[in-house]
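A.B. asks: I need the structure of the sequence given here:
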Amino acid sequence: MIDIYFHSNISLHNIDKQYKQQEKAQRHRDRLLIYLLIALLVALSGTVVYLRKQMIKLRVMRRKQALSNQQLAEANEQMKVANLKLQEALDEVGRTNEELQRTYSQLRMTDKMKEEYIARYLNRCRMYLDQLSDFRSTTLRLIKNRRYDDIAQSLQKALNAKTEQAQFYADFDAAFLTLFPNFVEAFNALLQPDYNIQVKKHGQLNTELRIYALIRLGIHDTSRIAHFLDYSTATVYNYRSKIRNKALCAPELFEQQVATL
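C.D. replies: Purely as a prediction, here's the structure:
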């Protein structure tokens, strides 16, 4: 009986000891679990804080990126406007250069025309002086020999207006065609094909071409053209109207095109 009681006490003691050991072990595991949970909570909190900071940084970066994109878009737009203005400026420079080239060409042509007509004017004057000297010598000789009938014939021959006018036309035609050798072809290109002008002789102009040759030289006034060519103003007006009505373009634009040939 005593042995049974003793062994029972030992068993209870061992059970209690084991229970305490298990309880201790359980508390240890619980503490470890709590520490682990605390560590996980700390890590999770740190992660949350880190992620939050990263999200804040990301939002800031996105705002900065959006602002940069907006500034870049504005800069691109400004660059487009600047490029457009630059292109317009270059186009304007190009047009100005073309205008300067045309002006320079016109000035060169004007100088060339002046030189050509001055040379022919001087040559014409020299020819008249020579003719006048010959006429004077002939007249004095006839007066000295009392050949008065021959004097009258000499005067009539020397003062032949038709011959002088024909010579004047020939000089004008030669001078003008020297400056504008393709004028007749270019002029006909402005007319309807059925109304092209055919000159009778190479290097010679007819009445219509002489009128428009003067217009090409910058003389547009009908009365001045009539005086220059020894025609009536009505004749010049009729010729101009007739030719304008044969033009390919609108009649009111024809003489502007002739001035650019």
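A.B. asks: ranges for the helices of the stretch 151-261 of the chain?
C.D. replies: Taking DSSP state H, counting those that start in this stretch as the criterion, the stretch 151-261 of the chain carries its helices at 161-179, 183-189, 207-216, 222-229, 233-244, 251-258.
A.B. asks: among those helices, which is the most enclosed?
C.D. replies: Highest mean neighbour count of the helices of the stretch 151-261 of the chain: helix 207-216, a mean of 20 (counted as mean count of other Cβ atoms under 10 Å). The way it works is simple: take the backbone N, C-alpha and C, and place the C-beta from them, glycine included.
A.B. asks: what is the least confident helix or strand in this structure?
C.D. replies: Every helix and strand of the chain was ranked by mean pLDDT, DSSP states H and E. The lowest is helix 148-158, at a mean of 64.
A.B. asks: where does the prediction get shaky in the stretch 101-250 of the chain?
C.D. replies: 102-136, 148-161 (pLDDT under 70).
A.B. asks: repeat that with 90
C.D. replies: By pLDDT under 90, the weakly predicted segments of the stretch 101-250 of the chain are 101-184, 191-204, 206-207, 213-221, 223-232, 243-250.
A.B. asks: let me see the contact set for Gln204.
C.D. replies: Listed by Cβ atoms under 8 Å, 6 or more residues apart in numbering, the contact partners of Gln204 are 170, 173.
A.B. asks: the same query, at a cut-off of 7 Å, please.
C.D. replies: Applying Cβ atoms under 7 Å, 6 or more residues apart in numbering to Gln204 gives the contacts Asp173.
A.B. asks: give me the phi and psi for it.
C.D. replies: Gln204 adopts backbone torsions of phi -130, psi 140, taken as degrees, to the nearest 10.
A.B. asks: against Lys53, how distant is it?
C.D. replies: 100 Å (Cβ to Cβ, to the nearest Å).
A.B. asks: one more: Ala166?
C.D. replies: Using Cβ to Cβ, Ala166 is found at 107 Å from Lys53.
A.B. asks: got it, and His227?
C.D. replies: Per Cβ to Cβ, His227 is found 99 Å from Lys53.
A.B. asks: who's in contact with stretch 218-238?
C.D. replies: The contact list for stretch 218-238 (Cβ under 7 Å, 6+ apart) reads 165, 210-211, 214.
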